[in-house]
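Participant: fold the following.
(2 chains)
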Amino acid sequence: MSLSLGMKAQIRSMIFVAGEPIPYFWPMRAFIHHNPLHGLEQLPFETAVAEGRRLFHGAGFLPRHLYQGYYAENKISRQALAEGVANFVQQRPALEGVNLQSWLMSLLTKLKTPVFSSDCTVSAHNIRAALRGEPLEDARDVDASELVQQLEKILLLDRPVYETLDVLYGAGIGEELDELVIKSCLDFFDEGQSAWEMPDREQGFFVAWREVARRNARLFLRGRQIRETLEVDKDPEGIIVHVMESLKIPQDHWTKYFRRELARLHGWAGFIRWRSNARNYHRGRQYPGDLVDFLAIRLTLALALIRERGVDALPQTAEALEQFVHQRPMEAYLRHEFYGRHILPAWAQRVESVLLSGNQDKISRLCQAYRQEKCVRDANSLAKSLRQLSTHVDSGAALEKLSNEAIAGLIDTVRDLEQHEGMLWLEAMEATSMQYLLQGIRTTPAEPRGKRPFAQAMFCIDTRSERLRRHLESVGDYQTFGIAGFFGVPVSFMELGKGSEIHLCPVLLTPKNLVMEMSVTDAHDALALTTLEKAMHELKESVLTPFVTVEAIGLLFGLDMVGKTLAPSTYNRWRSRVHHQKPRTHLLIDKLSREQADSIVRAVQRAVIAKAVEHELEISPEHIKDDLIRELREAALGRIETAPLLQQQLKLSEAQGADFIKRLRDAYRINPADARIQMERLARIGFSLDEQVVFVSQALRAIGLTENFSRFILAVGHGSQSENNPYESALDCGACGGNLGLFNARIFANMANKPAVRQRLREQNIDIPDDAWFIPALHNTTTDEVHLHDLDLLPSSHPVYIDRLQSGLIAACRLCAQERMPTLDHESGALNPADAAKQVMRNAMDWSQVRPEWGLSRNAYFIIGRRSLTESLSLEGRAFLHSYDYRVDRKHRLLENILTGPLVVGQWINMEHYFSTVDNEHYGSGSKVYHNVAGRFGVMTGNLSDLRTGLPAQTVLSDGQPYHEPMRLMTVIEAPFENVLSAIKRVAVVRRLLNNGWIRVMVVDPETRHIHIHHKGQWQQHTGPASAALPADQEAIAL
Amino acid sequence: MQALNLILAGIFLPLFPLGMIFNGLFQHTRNAWLRAALLLLWPLPGVWILSTMPAGISNGFLIWALFSAMLYGFRAVVVRDFGVWIGFLATSSWSLGWVTMGVTAKPHDLLLQVLAFSLPLALLAMLVAELERRYESAYAGVVSGVAQAQPRLAVALVVAVLAVIGSPLFPAFFSMLSTVANAVNRVPTAAVGLITVWLLWSWSGARLLQEMLVGPVAGVRHRDISRTIAGLYVLLFILLVITGLYTAEVML
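Facilitator: Down below sits the predicted model:
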C-alpha cells in the first residue's frame, strides 16, 4: 500500500484539525500556565466547557454544594444570584400555581445535590404518580427504536471502537492500549532520565517505534497483527488509513475519531503537539515526532488489541458494533449498564449471570425488569427531591395538586436550570466580586506628588507583587509600578555555565536578541564537594552501579536525608556555604560591531587550534607558538595552500600535515562555513542602541513613568525557591517564560542606566536625571525577600542611601510574610513579622513541603491603570496590577500592547487555575504526593499515566476544598471608554475572549467617571462605584 | 453405608461438584447472621463423618479434594461479588479437610483447620453485610472507593480478607502451614497443589479488595461503621490471632 501525496496531505490536515482542541503541554522546566480549553476559545465559555466535558471528561464548574458554601459566606450575594435566576425564569413559560423564582432559588441554595442524574428519563405521569404514592405506569414495554437511538448516541458516533468494546464487553482494551502507548512515548521522548536510550530516535517517533515493536517481547505475543499492520506501509499515514479502513470507520468521521483518540491521552498528545511546533526546541529537532506518528502507533496497537480480543467472537469493527446495537438493543443496553458501571448495585450479580448465559429471552426479560426497577427508583427519587424542595418554598400541598402538564413544565425547568446552573453560580460570584472591587476603586485621580519619592520600584504584574507593593508603600516614601516581568524586553539568554538558550519572555513572543552572561572573577577549580556530588549522581543514574553504590555510599545519602528532614533551615544554610557560589557576572548587552565579532571568532578559532595541537599532536602548550597557530588557521580556512611551519616546528611529513589540517576543518570546525555560522550567531548577541532606547522608552511609557524619577528605580524581577518540587518553575515568572525574572531586570536596568540611552530618551521627552539609578532586584516570592543586584555598578553618590532602601525592603518583606503565613499554615495563628519571615524561609528549604507558597492561587482581577485606582484597597494578592496612564498613550498603542501580551498571559494563568480547581483530577494534575517525574519534562501519577497537565491539588485546594476561588479574570481598565473600545477592536484575540465570555471587562472612564461593564455581549453603564454591579442602563455596542 | 457417608462428607466438606449445594444455599441466604451460622456449622457434619470413618482417605479422594479446592479457588479469582467469593473460598478451603485427614489422620487437626477458615469467613460475612447495607450489594467495581468513603470498614475488610486467605498469625496460616508440612512428608506432590490453592486465594482476595477499596467514590456518601463496632472487630481480630497462636501450638 502506498498512499498518494494528496491522501497523505489529507490525513495530515485531518490530524492537524483534530489536534486543535488539545492544549499544548510545555516541558515543566519552564512551566507555562495555559488555558486547558485554549483550543476551544473560539466558542462561548459555556459551550466550550460542555465540549471540554465531552472530550476530556472534565467538569467546567464546581459542584453545587461548594457554590452554596460561597453563598453562605456572602461571596455570592443573594441579589446577584436572584438576578441570574430571574433572567432564566423570564425565558421559561409561566406555570400555574408555581412561583418559579422561589422554587429555583430554593433549588440552588437549599438542595445539596442535583435533582436529576444525567440519564434520568422518567415521564411526568410517573413522577406525579410517585408524588401521590400511586402505582407507576408499566415501563416494561421497551421501545426498541428509542433504545437504539439512545444507545447510538452513547456508544457509536465518533467513539473509538475499543472504547465501545470496553463498555459493552469489559474488554479492558483502552487501559492496556494507553499503557502501551505511554511506554512508547516514555521511551522515545526521554530527555536523559533513562540510562539506556531507545535506538534510532533520529529517524523519528514512528520509525524508531516500529523497529522496537518488531522485537518487543510483550508485543510479540500479539505480533502477528502488529507485523501485518506494519508491513502494509512504511509511512505512518498509510498505517493510519489501513487501520481506519480495517475498523470500517466512515471517512467523514475520521477527524472526530482522531480527536477522541488524541483527547484520551491529552497530556502526551499536547506535549507532542507543542514539541513538533517548537522550531527552536533542540530535542524536537534531534528526535522528531508529531501527532501523525503518535496516532499511527496508537491505532496500530489498538487494532492488534481489538483483533486479539476478537478471538472471543466480539465485534471487531464499527460496522459490526452498529449491527449488534441494532439487532440486540436490550443486550447492548444491559451490557452498557453493567460494564459501563452504571448498574444498580443490587442487580449486578444477576445481570452478569444472565449476560454470561447469552440467552436472549432471559436477557430481554431481565432488561425489561431492570428498566422498570430503574424507572421506579428514578421516579421515587425525583418525587422525594421535589417534595423536599417544596417544603423549602412552603408549597408541599400544592405540589401534589399540580396537573401533569404543570409537573412536566416544572420538571423541564428544573432539568434545564440544573444544566446551566454552573454558569448562573459563576456569574453571580463574579458579580459579587466586581461589586467588592468597584466599591473600593477610587475614580478621582491622586494629588500630584510635591517632591520625588525616595525610591520607585517596578514590579512584575504578578499577583504576588501586590502584597509587597502595598506594604512597601506603607513603610516609607516609595512609589511602585506594575509591568510584565520581562520589562518589555524579549530576550534569549545564555546563563553562565549553561550550554543552551532560554527564552526570557512570554511564550507568545520569539526573541531575536541573545544576551550572554560572562564571569568577571578569576577562574578556579570546582570545590571538592561539588565534584563529589557530581560523581555520586553519575553513579546513581547508571544502570548497574546503583547496586554497588547503595552498599558503598548509601549512608551518605542517609545523612543528607536526616539533615534535610530534621533541620532544613540550618542544614541547607550549611550546604549552601560549602557549595561553590556563582561568581560575579556581567551581561553582554551591547551589539557587537563586525570587527569585534570577527575578532571573537578569530580568538575562538585560535584557542581551538591550540587545544587541537595539544591533544592530537601531544605538544605541550609552551611549545605552541603564535605564528604556527596563525598559519594553521589560514590553512584550515583555505587561505594558504601549505603549512611549512607545521613541518618545521613539529616535524610532521607533508601528508601528516595535510591530514591534521583536514581534521581541523572537519572535527574542529575551523572552516569558512562554520566561521560564517559563528558570525551569524554572534550577530544575535546584544541589542543595538536604537533597540535599547525603544525598549526602555516603551516600558517607561507603558507604566506612565516619564517624569519625576527618584534616586533609586528598582527593576524587580521575581522567582521562587523550593526544594524537591517539580513545579518550582510554575511559581517563577510567567512573563519570563517560567524562569527567574532577575536576568530581565538586570538587562533592563543596564540599558536604562546607559548615558547614550538616556541621551536619546531625553529627545523623546523622557528626562531621567543623572542621579537616578536603576537597580535590578529579585523578589523571592516564597520568602518575600528582595535582593538587590549589581550593586557594584552603583555610582559613588548612592551607597549612602542603600541602608535606608534595604531597611524599607526588609520591613515590607516581613509584613508580607506576616500577611501570607496564616493562609499557608492555619494553625500558625497570629505571628509577629520576624517569626513569620522565619516560617516562610523554612517553607522554602523544607523538602517535604508540598506547598511552599500559594503562588498565583486566588487570582481574580487584572487592573490596568494608575496606582491611585486601587491604592487604598487591599487586594489580598489577588490582582495582576499593570500600571498604565492613558494620558501618555494618545494613540492607544500602549493599551493595545498591554491587552495583547500581559492580559492574554493573565487570562491563561487565570483559566489554568480555574479549571485546575473545578476539576483537579481531569484539568489539574491531582495530588503531588503521587507524582513521578517522566522523561525530565513532565510528571505522571504513579509509575505510568498520562502526562499530568494543569496545577497540582496542593496549589489550588486546601484540605480537599477549593482555596482558589474559580472565576473568570475580571479586568478593570482605567481609560476613556472610547479609547478602550478602539483598542479592543484592534486586538482580535481579546475581542474574541471578551465576546465569548472568557474574561470579564470593566472600564473606569477617568474623564466622565462612569463605569462600563461588559456583560453577555453588551456594555452596561454603571453610574457609581457604590451601587449595584450589574446596572440596568445598557449600551448596545457591538465589537 | 460407607458410600452414603462419603457422599455426605463430600457435601459438607465439599468436593466438586457437590460444592454447588452449599454455594447455592449460601447465595440465597441474605441474612448475615444466618450466613455466619452456615459458615460455622456447615462443615461440622463433614468433620464428624471423616473423623469417624474407619478407613483412611484414599489417594483418589485426596486428588479429587485438591482438584476441587483448586477449581473453587480459581472460580473465586474471577468472581466480583463478595458474598459469592466467600462461598467459593469456604468450599475451596473446606475441601482441603480431606487432604488434612489424608496426610495426618488426626480428627482434632481437621476440626481446627475447618474452624481456622470458618471463623474469619463468618466475620467477613458480617462485614460484607455492612457493605450491602450501604451499597445494596458488595460487587467489586460497581462498589468502589470504600477506603476513602468508609476507612474503618475498609480496614476491617482488609484484615478479615487477610485472615481468610491465610496470612501469618491468623489460624488459617498455621493450619495451612501444618497441612503443607505434613503433605511434604507423605505426598510431596500434594504440597505443590496446596501451595497453588493458597496462592489462588491470595490472588483472588487481593483482586477483590483492589477493585473495591480504591477507585471513584460513590456519589451518595454512606456512613462508616461506628467506632464501637470497629473496636469490636479489632477485639475479634485479636481473638483470631490468639486462636492462630493456639492453632500453631497444637498443629505444628
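Participant: the residue in the stretch 901-1039 of chain A positioned nearest to chain B: neighbouring residues, count only.
Facilitator: Residue nearest to chain B within the stretch 901-1039 of chain A (C-beta to the nearest C-beta): A:Glu921, separated by 9.4 Å. In short, each C-beta sits where N, CA and C put it, glycine included. As a burial measure, A:Glu921 scores 17 neighbours (other C-beta atoms under 10 Å in any protein chain shown).
Participant: so is it in a helix, a strand, or just coil?
Facilitator: Using DSSP: H, G, I helix; E, B strand; the rest coil, the three-state assignment for A:Glu921 comes out as coil.
Participant: now swap in A:His503 and tell me
Facilitator: Taking three-state DSSP, the label given to A:His503 is strand.
Participant: just checking, it touches A:Gly737?
Facilitator: Yes - the pair A:His503 / A:Gly737 is scored as a contact, 4.8 Å apart, by C-beta atoms under 8 Å.
Participant: what about stretch A:482-498, how long is it end to end?
Facilitator: 30 Å (C-alpha to C-alpha, to the nearest Å).
Participant: returning to that earlier point: overlap in contacts of A:His503 and A:Gly737?
Facilitator: A:Ala30 (C-beta atoms under 8 Å, 6 or more residues apart in numbering or on different chains).
Participant: out of the two, which sits in the busier spot?
Facilitator: For the pair A:His503 and A:Gly737, the greater number of neighbours falls to A:Gly737 (25 against 20), based on other C-beta under 10 Å.
Participant: give me every residue that touches the more buried one.
Facilitator: For A:Gly737, the set of contacting residues under the criterion of C-beta under 8 Å, 6+ apart consists of A:Ala30, A:Ile32, A:Ile502, A:His503, A:Leu504, A:Cys505, A:Pro506, A:Val507.
Participant: let me see the contact set for the fourth one.
Facilitator: With contact taken as C-beta under 8 Å, 6+ apart, A:His503 is in contact with A:Ala30, A:Asn280, A:Pro490, A:Val491, A:Ser492, A:Phe493, A:Leu509, A:Thr510, A:Pro511, A:Gly737.
Participant: if I look at it, how far off is chain B?
Facilitator: Applying C-beta to the nearest C-beta, to the nearest Å, the value for A:His503 to chain B is 41 Å.
Participant: identify the bridge partners of that residue.
Facilitator: The residues paired with A:His503 through beta bridges, assigned by DSSP bridges, are A:Ser492.
Participant: pLDDT value on the residue nearest to B:Gly193 when sequence neighbours are not counted, please?
Facilitator: Closest residue in space to B:Gly193, ignoring its immediate chain neighbours: B:Leu66 at 4.2 Å, by C-beta to C-beta, 6 or more residues apart in numbering or on different chains. According to the prediction, B:Leu66 has pLDDT 94.
Participant: what is the burial count for B:Leu66?
Facilitator: Neighbour count for B:Leu66, taken as other C-beta under 10 Å: 24.
Participant: three-state assignment of it?
Facilitator: The three-state assignment at B:Leu66 reads helix, by three-state DSSP.
Participant: please name the residues that touch it.
Facilitator: When contacts are counted by C-beta under 8 Å, 6+ apart, B:Leu66 touches B:Leu96, B:Val99, B:Ala190, B:Gly193, B:Leu194, B:Val197.
Participant: and it, how far from B:Asn5?
Facilitator: Here the criterion is C-beta to C-beta, to the nearest Å. By it, B:Leu66 lies 21 Å from B:Asn5.
Participant: contacting residues around the residue located most distally from the centre of chain B?
Facilitator: Summary for chain B: using C-alpha atoms, centre = their mean, the residue whose C-alpha lies farthest from the chain's mean C-alpha position is B:Gly219, with a distance of 32.0 Å. The neighbours of B:Gly219, taking C-beta under 8 Å, 6+ apart as the test, are A:Thr113.
Participant: my read is that A:Gln909 contacts A:Ala735, right?
Facilitator: Actually, residue A:909 is Ile rather than Gln. No - checked against C-beta under 8 Å, the pair A:Ile909 and A:Ala735 is beyond contact range at 10.0 Å.
Participant: more neighbours: which of those two?
Facilitator: Comparing A:Ile909 with A:Ala735 by neighbour count (other C-beta under 10 Å), the higher total belongs to A:Ala735, at 30 against 24.
Participant: in this structure the more buried one contacts A:Ile461, no?
Facilitator: Yes - with contact defined as C-beta under 8 Å, A:Ala735 counts as touching A:Ile461 (7.3 Å).
Participant: find residues that contact each of the two.
Facilitator: Common contacts of A:Ala735 and A:Ile461 (C-beta under 8 Å, 6+ apart): A:Ala484, A:Gly485, A:Pro902.
Participant: take these and keep only those in strands.
Facilitator: Among those, no member falls in strands (criterion: DSSP state E).
Participant: give me the buried subset of those residues.
Facilitator: The neighbour-count test (16 or more other C-beta atoms under 10 Å in any protein chain shown) applied to the shared contacts of A:Ala735 and A:Ile461 identifies A:Ala484, A:Gly485, A:Pro902 as buried.
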